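Novice: how would this look folded up:
(chains A and B)
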Amino acid sequence: MSMRNTNFIFLLVFLTAFTLSANEAVNSEKLTKLYTPFTKISIPPGESMNFSIDLINNSDEKLTTDIFVSGLPRSWEYSLKSGNWTINQLSVLPAEKKSVSLNVKVPHQVNKGNYPFRVIAQGCDTLQLNINVSEQGSSKSEFTCDQINMQGNSKSTFTYNAVLRNQTSEEQLYALTAESPRGWTVNFKPDYKQATSVNVTANATKNVTIEVVPPATVAAGTYKIPLRASTSSTSAELTIEAVITGTYTVELTTPRGLLSSNLTAGENKQIELEVKNTGSAELKDIKLSASSPVDWSVTFQPAQIERLNAGESVRVIASVKASSKAIVGDYVTRMEAKTPEATSTAEFRISVKASLLAGWLGVFIIVIALGGVYFLFRKYGRR
Amino acid sequence: MKNKKHTEKRQNPFTVIVQKEISDQVRSLRFLILLAIIVLTCTGAMYTALTNIAGSVKPNDPEGSFFFLKLFTISDGTMPSFLVFITFLGPVLGICMGFDAINSERNRGTLSFMLAQPIPRDYLINAKFTAAFIVISILLFALGFLTTGLGLIIVGIPPTVDEFFRIVLFLLIACVYVAFWLNLSILLSVQCKQAATSALAAIAIWLFFSVFYNMLVNLIAKGIAPSEFASANQMVYFQRFVLDLLRVDPAHLFNEATSALLIPSVRSLGPLTMEQMVGSLPTPLSLGQSLAVVWPQLTGLIAATVICFALSYVSFMRREIRSR
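Specialist: Residues are numbered from 1 along each chain as shown, chains lettered A, B, ... in the order given. So this is what the prediction gives:
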């Protein structure tokens, strides 16, 4: 072999080496694959998705390659893991495959749309993936109630069932406040326990019961109560409505509250009564009546009150006439103020006193008898 | 009058006679026996009342606040109460004090001797009555307050002012009641020449009223009773008539008057219809109202006493008195 032969061999070796190296490059391009079955996925904001990606080495040689994700928006979080380790490089034996887990978390604040990105195994393969965000994401809280309007009278308790939704990605501690009119009591009861603040985990909801107690003297009408659940970063508002119907209460008493009187059998006595409207609505046609012992008569002046505004009172004169056969002692007379809506009764204890006439008659008889004796003394004495 | 002497002090002759009469009465064996009987019976009544007083207090009793008055009215049935004893023995006391007031003096011949003194004639009968009345009053008040005091010691609950005045009024009425029988017996002693006759007559009247009069009234009531189906009005009139008949008996008047005073929840002494009871409250009456309820009875008792006295006075003044 000559120099020329030596050169040929050299060339051949060179060519072979070149070819081989070119072949090797081509082979590693063709024989190494990145694979995952779900390449386009729809998820709502705030969710996360696990892609299981296989790196397949079909070559005859061991393959070592860098692996990374490219094209995801900056605010999105992702992690590439295999066997609990976060990895940047992967090595696969010939004719084997290795699984890599890609976890992508979609933030809450994200626009609806298609987000393509790639997983790249450096120098080997590129895998094109798509995440379709199905809804518009937000950083809001929501405070909602199905039934914001309730009706009742001034003595009822209004109970609203509201839902507080935390749509942010963080856990929030909401302060619950109400701008209620003066005299109203508003109690927040998350989980049926009274509280002024409530903790809601990210993207979760909490049922909040709201109890509203109106003041006792509330006038009829519609009252709006704005409620607010707020944190330093987010807040939600809800306005509830309480419709107060008027209450009808009437009270029958006397100006001094004294419910007893006395009179002589067969006599007439006037008792001053007071009819009060203690409710919150106007009373109409208040009728006054009495149930008294037999043969007694009770008349009212006036016997009927046409109208009485809330909080007002009116004087009524009741004239009680005892039966002439009433015996000495106490009797009960029940007086009643009545409207179709409300009634009030007052029981009077009426003491019947003995007539003085009989007493004076007795004194007269005794005086006559003693006078007779005195007359006898004058006539027969000193004799 | 026995052993009539001139006193050294220059007193009103009327007072002298009264004092003398009182000392005669108190020292007499008759009075001592009577006193023993009454004190014994009242002690017995007191004993039954005190042993039963605990059981007599019931819950929701309208007379619960008049606990002390029960001492005079309750009994367990074995022994009559204080009130019943006074009703029964009061007449005996009165009759014993007065049945020989005039006629024994006359029979002894001291009457003309007395009247020979320079005193008005009516001083004698007035003094007789006054002395006996004073003795009776002292006796009754002593008994009443003895009962009150013993009750206070044993029960330990003092009577209220209202109860105290009720007790005093009760004792006053008892005095008037006994005074009626006293006057009646003085009247009889003026009328009858023998003391035994007047005593028998007085006891006969007392027996008639305490035993036979009720029977008689029952007989009359049975005779005139309306049928079962008579109207309520008729029944009321009938009951009222029978009650009026009973009220002729001074013992009945005394009973009604004192029971209303000692039992404050008694509101009426006549028959009551249901109509009158509707709506009434079972509350006790005030003292004034109780007094108003028994006022007619009181009037009757006082008037009867005064009339008896007037009759004996007139009869004595008109009587011719001669020495034996």
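Novice: what about the lowest-mean-pLDDT helix or strand in chain B, near chain A?
Specialist: When the helices and strands of chain B are scored by mean pLDDT, DSSP states H and E, helix B:274-277 comes last with a mean of 76. Yes. Counting by Cβ under 8 Å from any Cβ of the partner chain, chain A has neighbours in helix B:274-277: B:Glu275, B:Gln276. Where C-beta positions appear, they are placed from N, C-alpha and C, glycine not excepted.
Novice: what helices or strands is the helix or strand that that helix is followed by leaning on?
Specialist: Per DSSP states H and E, the first helix or strand lying C-terminal to helix B:274-277 is helix B:287-318. With contacts defined as 3 or more Cβ pairs under 8 Å, 6 or more residues apart in numbering or on different chains; DSSP states H and E, helix B:287-318 has these neighbours: strand A:343-353, helix A:356-380, helix B:122-155, helix B:161-191, helix B:250-262.
Novice: can you redo the ones you listed as JSON lines with distance to A:Val104 and mean neighbour count?
Specialist: Below are the helices and strands packed on helix B:287-318 laid out as JSON lines (distance: least, Cβ to Cβ, whole Å; neighbours: other Cβ atoms under 10 Å in any protein chain shown):
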{"stretch": "strand A:343-353", "distance to A:Val104": "73", "mean neighbour count": "19"}
{"stretch": "helix A:356-380", "distance to A:Val104": "108", "mean neighbour count": "14"}
{"stretch": "helix B:122-155", "distance to A:Val104": "99", "mean neighbour count": "19"}
{"stretch": "helix B:161-191", "distance to A:Val104": "99", "mean neighbour count": "23"}
{"stretch": "helix B:250-262", "distance to A:Val104": "106", "mean neighbour count": "23"}
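Novice: Mean pLDDT and distance to A:Val314 for those - can I get that in CSV?
Specialist: Formatted as CSV, the helices and strands packed on helix B:287-318 follow (pLDDT from 0 to 100; distance: least, Cβ to Cβ, whole Å):
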stretch, mean pLDDT, distance to A:Val314
strand A:343-353, 88, 13
helix A:356-380, 86, 35
helix B:122-155, 89, 53
helix B:161-191, 93, 40
helix B:250-262, 89, 43
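Novice: Would you verify that A:Gln147 is located in a strand?
Specialist: No. Per DSSP: H, G, I helix; E, B strand; the rest coil, A:Gln147 lies outside any strand segment and is coil.
Novice: For it, which non-adjacent residue is spatially closest?
Specialist: A:Tyr160 (6.9 Å; Cβ to Cβ, 6 or more residues apart in numbering or on different chains).
Novice: next one: B:Phe254
Specialist: Residue nearest to B:Phe254 in three dimensions, not counting chain neighbours: B:Tyr177, with 4.4 Å by Cβ to Cβ, 6+ apart.
Novice: Measure how buried the residue nearest to A:Gln147 is and give me the count.
Specialist: Here the count is done by other Cβ atoms under 10 Å in any protein chain shown, and A:Tyr160 has 22 residues near it.
Novice: does it belong to a helix or a strand, and which?
Specialist: strand A:158-166.
Novice: For that strand, what does the pLDDT average out to?
Specialist: Averaging pLDDT along strand A:158-166 yields 90.
Novice: next one: stretch A:184-202
Specialist: Taken as a whole, stretch A:184-202 carries a mean pLDDT of 90.
Novice: first vs last residue of it, how far apart are they?
Specialist: Stretch A:184-202 has an end-to-end distance of 33 Å (criterion: Cα to Cα, to the nearest Å).
Novice: Then stretch A:90-100?
Specialist: Using Cα to Cα, first and last residues of stretch A:90-100 are 9 Å apart.
Novice: Strand partners (parallel or antiparallel) of the helix or strand containing A:Phe188?
Specialist: Using DSSP H and E, A:Phe188 maps to strand A:185-190. Under the criterion DSSP bridges, strand A:185-190 sits next to strand A:205-213 (antiparallel) in its sheet.
Novice: How about the contacts made by the closest residue to A:Lys353 other than its chain neighbours?
Specialist: Among residues not flanking A:Lys353 along the chain, A:Thr264 sits closest, at 5.0 Å (Cβ to Cβ, 6+ apart). Shown in contact with A:Thr264 (Cβ atoms under 8 Å, 6 or more residues apart in numbering or on different chains): A:Ala322, A:Val352, A:Lys353, A:Ala354, A:Ser355, A:Leu356.
Novice: repeat that for 10 Å
Specialist: Residues near A:Thr264 by Cβ atoms under 10 Å, 6 or more residues apart in numbering or on different chains: A:Ala322, A:Ser324, A:Ala326, A:Val328, A:Ser351, A:Val352, A:Lys353, A:Ala354, A:Ser355, A:Leu356, A:Leu357.
Novice: What of A:Val200?
Specialist: Neighbour list for A:Val200: A:141, A:164-168, A:171-174, A:190, A:206, A:208, A:229, A:231 [criterion: Cβ under 10 Å, 6+ apart].
Novice: Turn the helices and strands packed on helix B:287-318 into JSON lines, including distance to A:Ile244.
Specialist: As requested, these are exported to JSON lines (distance: least, Cβ to Cβ, whole Å):
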{"stretch": "strand A:343-353", "distance to A:Ile244": "22"}
{"stretch": "helix A:356-380", "distance to A:Ile244": "57"}
{"stretch": "helix B:122-155", "distance to A:Ile244": "62"}
{"stretch": "helix B:161-191", "distance to A:Ile244": "55"}
{"stretch": "helix B:250-262", "distance to A:Ile244": "59"}
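Novice: between the contacts of A:Thr264, which is closest to B:Leu301?
Specialist: Nearest to B:Leu301 among the contacts of A:Thr264: A:Ala354, at 17.9 Å, using Cβ to Cβ.
Novice: what about the closest one, how many neighbours?
Specialist: With other Cβ under 10 Å as criterion, A:Ala354 counts 22.
Novice: picking that back up, for B:Ile17, find the nearest of the helices and strands packed on helix B:287-318.
Specialist: helix B:122-155 (3.9 Å).
Novice: Is the closest one in proximity to chain A?
Specialist: Yes. Looking at helix B:122-155 against chain A by Cβ under 10 Å from any Cβ of the partner chain, the contacts come from B:Asp122, B:Tyr123, B:Ile125, B:Asn126.
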